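Peer 1: What would the 3D arrangement of this be:
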Amino acid sequence: MPLTYLHLRLCIGKFFSAVFLHALFDGETAVNSYLNLSENHVYRAIADNTKAFLANSYSYFNLELLSTIDYIVQHEKITDIENIKVHLHNWSNRKKTLFSNDHFIKIALNKIQTIS
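Peer 2: Residues are numbered from 1 along each chain as shown. The predicted structure is shown next:
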């Protein structure tokens, strides 16, 4: 079945979705075969941990929020909400506006800190 715009729109929000991988020439089977090789078990663990971490975070907003907060924590060594907000406000008007809700920042920061 050829991929249509609608198919792509339905799949975009599901980064590791089996449906999306299957639509890409049965990619899930190929990826699993590769990850199941004994020499690739470390990659299987990375993939499984990534999938678990990103569970329910597939929207563009959530993915950008997580990556932005993680960048600030890792590169700027900022871990408190108030200083993260200052950094977001100085980053760009877009990020200042998009990530203005303290509640979402706290959720992202907590999620990142649980894997650190």
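
Peer 1: now for the helix or strand residue 113 falls within, which elements pack on it?
Peer 2: For residue 113, the host element (DSSP states H and E) is helix 102-115. Using 3 or more C-beta pairs under 8 Å, 6 or more residues apart in numbering; DSSP states H and E, the elements in contact with helix 102-115 are helix 41-54, helix 60-76, helix 81-91. Where C-beta positions appear, they are placed from N, C-alpha and C, glycine not excepted.

Peer 1: Apply 7 Å and report the result again.
Peer 2: Applying 3 or more C-beta pairs under 7 Å, 6 or more residues apart in numbering; DSSP states H and E, we find helix 102-115 packed against helix 60-76, helix 81-91.

Peer 1: Just want the angle from it to helix 81-91.
Peer 2: For helix 102-115 against helix 81-91, the angle by axes from the mean of the first three to the mean of the last three C-alpha atoms, to 10 degrees is 110 degrees.

Peer 1: Helix 102-115 relative to helix 60-76, how many degrees between them?
Peer 2: Helix 102-115 and helix 60-76 are oriented at 60 degrees to each other (the same axes, to 10 degrees).
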